[in-house]
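Peer 1: How does the following fold in three dimensions:
(chains A and B)
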Amino acid sequence: MRRVVIALAAVAIAATLLLGPGRSQLPTATRPISAQAAPAPDAATATHAGHDAVSVPAARAAIAPPPDGARVEVTTRAATKAELGYIIETRVVRPDGRPVNDAVVRFYDLVDFFGPREELIGTARTDGQGNASLSYLPAATGSHDIAVRFAGQGSLVPSVGTATFEATVATPPYRSDEPALLAFTRLVPYAAGAIVLVVWGLIAFALFGTARGIAVRAAHTSAKEDTA
Amino acid sequence: MDQRTHERYVARAMWSIGRGDAKFWISVVVLSALVAAGFYAYVYQVQRGLWVTGLNQKVSWGFYIINCVFFIGISYGGAMTSAILRLTNAKWRAPLTRIAEATAVAALLVGAIYPIIDLGRPDRFLYTIQYAQVGSPIVWDLVAISTYMMASLVFLYLPLIPDLATTRDSMRPGLLRRIYGILALGWRGAAGQERSLQRGIAIMAVLIIPLAISVHSVLAWLFAVTARGGWHSTIFAPLFVLAAMLSGVAAVIIVVAVFRKVYGLHEFITARHFRYLSYLLIALGMGYLYFMVSEYLTEGYLLDAATTPVLEAIFVGTYAPAFWGFTFLGLLFPLVLAAVPGRWAIARVCAASSLVIAGMWLKRFLIVVPGMAEPVMPWDWGRYAPTWVEITITIGTAAAIPLILILFFRFFPVMSVHEMEEVEGASEPRAAALMPGFASGGDE
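Peer 2: Reported below is the predicted structural model:
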């Protein structure tokens, strides 16, 4: 058992040294967007007013990539059907403008859950044009900060693109299905209660009826004895 | 019936009233000491909390719930025995019914306090009334137990009325005589009074059977409506009812044998009574065996994920000694012991009853504890070992039953003189001796 633990620890250390923080294929963690390395000054903010403004073209986000990194552009727009929410589109391009295909991008929504943190909302893979999209129906209306993270590929280091949009539709609150036989089961306690009342009535009748029967006849017998 | 026979019945039935010999006081002191020890342990638990018990987050039901089910079961058996014998008009019931009914009430008083002990904080008991939810099995448990308790008290009281009058008449003028007079409701034995009394007793005898069944069914449903392995069984309610009857009849046999011996009732309670009670014990034992096999067979054949660890633990695991001990020493062997003809028939029936009572307690343990201790999730194991607090409370409450009975029969007749006179001279319709050991009158 100890050998297995040591072997696993050695593998973990070796993997960390080989891959390194800059080479990791994993998304760079869950730090909030605000803490990320330098979004570009011209980082696009795609805002729109939800489904009332479907026709309004969303602004295209453009992030200045790191010197050796890809550029991740993020746009958002309302889906054609309200119940589908919003479409988050991203495009990953190399510094020279060529698209990055078959790249894994992860979409995050910045939420405040015991402090600000990124919530993974989906993963996609870019096509030949470097495009990927995600349909997203947020849990709450209001402003949403979206981050799309590219984990890096080959010589391209990880990079991130962000966008903000104003959601006017959200997932309807969860409501459990009405339990089966509800109309029947609602009546059961009342029926049981009625039976209990009948039983108590019978007990009372047995006790007080008997007591009354005995006492009345006792009085009657006493009266007869007195008369005699 | 002649006056002499009446006086003989009265003298024997009321022998214990007001009598306090050395044996009586020694019994009272010893039993009171045990009850006091149990009370001390309970106060200790209330002061410090439930952590002084072996109960824990995983196994939150232990000795207390086992004892609750066990003692209420004994009560049920006592009430059912009396009710069934009354409804079938079994003539031999007369000297037994009072003891059976008193046992039922005493065991119920003890069993009913266990949910409060198990709460840890007794003040929270009021929450079950204050925040009662009609969908909660606990609320219905409270309703069922309180209704059954009232019915049991009335069922004990009504047949007592003529004997209270007899006691009143045998007393010298004074406070006690006045109290007996009030309780006797002016009974003089008139035909109209007799009719009223018989009607009341008949209503209660009919009512007490479904009530007792409902109480034990509700107790069983507390287990069966949960999705736990070993508990979620459709057969649980009838299994509990049968177990209650079995342990109750066994308890009645023991109590009858003890009072027969101590109060010198050999003339009235004979080997014949034990023979009939043993028939009841054997029939119920066979029925329980059938139900138990049926339950384990269906669950064991399916072996779903939740049930498998429980069955493994019971059949071949931690609880295997308890289970096989119960099956052979607490069920099969006692039935054979009671059924086999031979000498010392009463002693054998009493020994069988003692084993059945111990076995049925063990069976309740096997229902409650493995069902909670065995994992619902693979990492979810639990352990339970009772502490001195639970053991002392158990002993104390168990001692309360004979104490209540001894004190009760110090003030009330141990046998129903009225019923004995009623059945005096009546032919015995069920005299067929099925077992040679008893038929030969193998007494003691």
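
Peer 1: When you work out contacts or count neighbours from here on, use the C-alpha atoms and nothing else.
Peer 2: Fine.

Peer 1: Look up which helix or strand residue A:166 falls in, please.
Peer 2: strand A:159-167 (DSSP states H and E).

Peer 1: Likewise for residue B:74?
Peer 2: helix B:63-87.

Peer 1: what's the distance between the closest residue to chain A within the stretch 1-150 of chain B and residue B:119?
Peer 2: Nearest residue of the stretch 1-150 of chain B to chain A: residue B:134, at 5.9 Å (Cα to the nearest Cα). Counting by Cα to Cα, to the nearest Å, the gap from residue B:134 to residue B:119 is 20 Å.

Peer 1: Mind pulling the model confidence for residue A:62?
Peer 2: Note on residue A:62: pLDDT of 45.

Peer 1: Please apply the same query to residue A:101.
Peer 2: 91.

Peer 1: can you pull the contacts of it?
Peer 2: A:92, A:125-131 (Cα atoms under 8 Å, 6 or more residues apart in numbering or on different chains).

Peer 1: who wins for most neighbours among those residues?
Peer 2: Most neighbours among those, by other Cα atoms under 10 Å in any protein chain shown: residue A:92, with 31 neighbours.

Peer 1: So that residue: helix, strand or coil?
Peer 2: Under the three-state scheme (DSSP: H, G, I helix; E, B strand; the rest coil), residue A:92 adopts strand.

Peer 1: Distance check, it against chain B.
Peer 2: 44 Å (Cα to the nearest Cα, to the nearest Å).

Peer 1: Name the residues of chain A found near chain B, please.
Peer 2: A:189, A:196, A:199-200, A:202-203, A:205-207, A:209-211, A:213-215, A:217-219, A:221 (Cα under 8 Å from any Cα of the partner chain).

Peer 1: Among those, name the buried ones.
Peer 2: Neighbour-count burial within the residues of chain A next to chain B applies to A:196, A:199-200, A:202-203, A:205-207, A:209-211, A:213-215, A:217-218; the criterion is 16 or more other Cα atoms under 10 Å in any protein chain shown.

Peer 1: just checking, which of the residues you listed belong to helices?
Peer 2: Of those, the ones assigned to helices by DSSP state H are A:196, A:199-200, A:202-203, A:210-211, A:213-215, A:217-218.

Peer 1: Do a quick rundown of the strands in chain A.
Peer 2: A:71-78, A:86-93, A:104-112, A:116-125, A:131-136, A:142-150, A:159-167 (DSSP state E).

Peer 1: Look up how far residue B:83 lies from whichever residue of the stretch 201-350 of chain B sits closest to chain A.
Peer 2: Residue of the stretch 201-350 of chain B nearest chain A, by Cα to the nearest Cα: residue B:203 (6.3 Å). Residue B:203 sits 10 Å away from residue B:83, going by Cα to Cα.

Peer 1: picking up where we left off before, dump the contacts of residue A:101 to TSV, plus pLDDT.
Peer 2: Shown next, in TSV, are these (pLDDT from 0 to 100):
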residue	pLDDT
A:92	93
A:125	94
A:126	94
A:127	93
A:128	92
A:129	93
A:130	92
A:131	94
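
Peer 1: Nearest to chain B, out of these: which one, please.
Peer 2: Of those, the one sitting nearest to chain B (Cα to the nearest Cα) turns out to be residue A:125, at 36.7 Å.

Peer 1: The residue of the stretch 1-150 of chain B closest to chain A looks like it's in a strand, true?
Peer 2: No: counting by three-state DSSP, residue B:134 is located in no strand; its state is coil.

Peer 1: residues contacting it?
Peer 2: Going by Cα under 8 Å, 6+ apart, residue B:134 touches A:189, B:140.

Peer 1: Geometric centre of chain B: which residue is closest?
Peer 2: residue B:74 (1.7 Å; Cα atoms, centre = their mean).

Peer 1: give me the low-pLDDT residue ranges for chain B?
Peer 2: By pLDDT under 70, the weakly predicted segments of chain B are B:1-3, B:424-444.

Peer 1: Write out the residues of it neighbouring chain A.
Peer 2: B:134-135, B:143, B:147, B:150-151, B:154, B:158, B:185-188, B:190, B:192-194, B:196-197, B:199-201, B:203-204, B:207.

Peer 1: Now which of those would you call buried?
Peer 2: B:143, B:147, B:151, B:154, B:158, B:185-188, B:193-194, B:196-197, B:200-201, B:203-204, B:207.

Peer 1: any idea which helix or strand comes after the helix ranked longest in chain B?
Peer 2: The residue-count maximum for a helix in chain B (DSSP H) belongs to helix B:191-224. Sequence order places helix B:236-262 as the next helix or strand after helix B:191-224, per DSSP H and E.

Peer 1: buried set for that next one?
Peer 2: B:236-257, B:259-260.

Peer 1: Which residues are in contact with residue 139?
Peer 2: In the absence of a named chain, chain A is used. Applying Cα under 8 Å, 6+ apart, we find residue A:139 in contact with A:170-172.

Peer 1: Oops, wrong one, chain B.
Peer 2: Residue B:139 sits in contact with B:128-129, B:132-133, where contact means Cα under 8 Å, 6+ apart.

Peer 1: Let me have those in JSON lines, adding distance to residue B:228 and neighbour count as columns.
Peer 2: Output for those, formatted as JSON lines (distance: Cα to Cα, whole Å; neighbours: other Cα atoms under 10 Å in any protein chain shown):
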{"residue": "B:128", "distance to residue B:228": "24", "neighbour count": "14"}
{"residue": "B:129", "distance to residue B:228": "27", "neighbour count": "12"}
{"residue": "B:132", "distance to residue B:228": "24", "neighbour count": "13"}
{"residue": "B:133", "distance to residue B:228": "22", "neighbour count": "13"}
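
Peer 1: any idea how far chain B is from the closest residue to residue A:145 other than its chain neighbours?
Peer 2: Among residues not flanking residue A:145 along the chain, residue A:164 sits closest, at 4.4 Å (Cα to Cα, 6 or more residues apart in numbering or on different chains). Distance check for residue A:164 against chain B: by Cα to the nearest Cα, it reads 42 Å.

Peer 1: Just give me the neighbour total for the residue nearest to residue B:386 when sequence neighbours are not counted.
Peer 2: Nearest residue to residue B:386, sequence neighbours excluded (Cα to Cα, 6+ apart): residue B:54, at 4.6 Å. Other residues near residue B:54 number 19, with proximity taken as other Cα under 10 Å.

Peer 1: Would you check how far apart residue B:54 and residue B:118 are?
Peer 2: Counting by Cα to Cα, the gap from residue B:54 to residue B:118 is 12 Å.

Peer 1: cool, residue A:208 as well?
Peer 2: Taking Cα to Cα, one finds residue A:208 at 35 Å from residue B:118.

Peer 1: and what of residue A:124?
Peer 2: Distance from residue A:124 to residue B:118, by Cα to Cα: 55 Å.

Peer 1: the more surrounded of the two?
Peer 2: residue B:118 (19 against 16).

Peer 1: Can you tell me which helices and strands whatever helix or strand that one lives in packs against?
Peer 2: Using DSSP H and E, residue B:118 sits within helix B:97-119. Applying 3 or more Cα pairs under 8 Å, 6 or more residues apart in numbering or on different chains; DSSP states H and E, we find helix B:97-119 packed against helix B:63-87, helix B:137-157, helix B:236-262, helix B:388-411.

Peer 1: so what are the domain limits for chain A?
Peer 2: A:27-167, A:182-219 (automatic domain parsing).

Peer 1: Between those domains, which has the poorest mean confidence score?
Peer 2: Among these, domain A:27-167 scores lowest, with a mean of 75.
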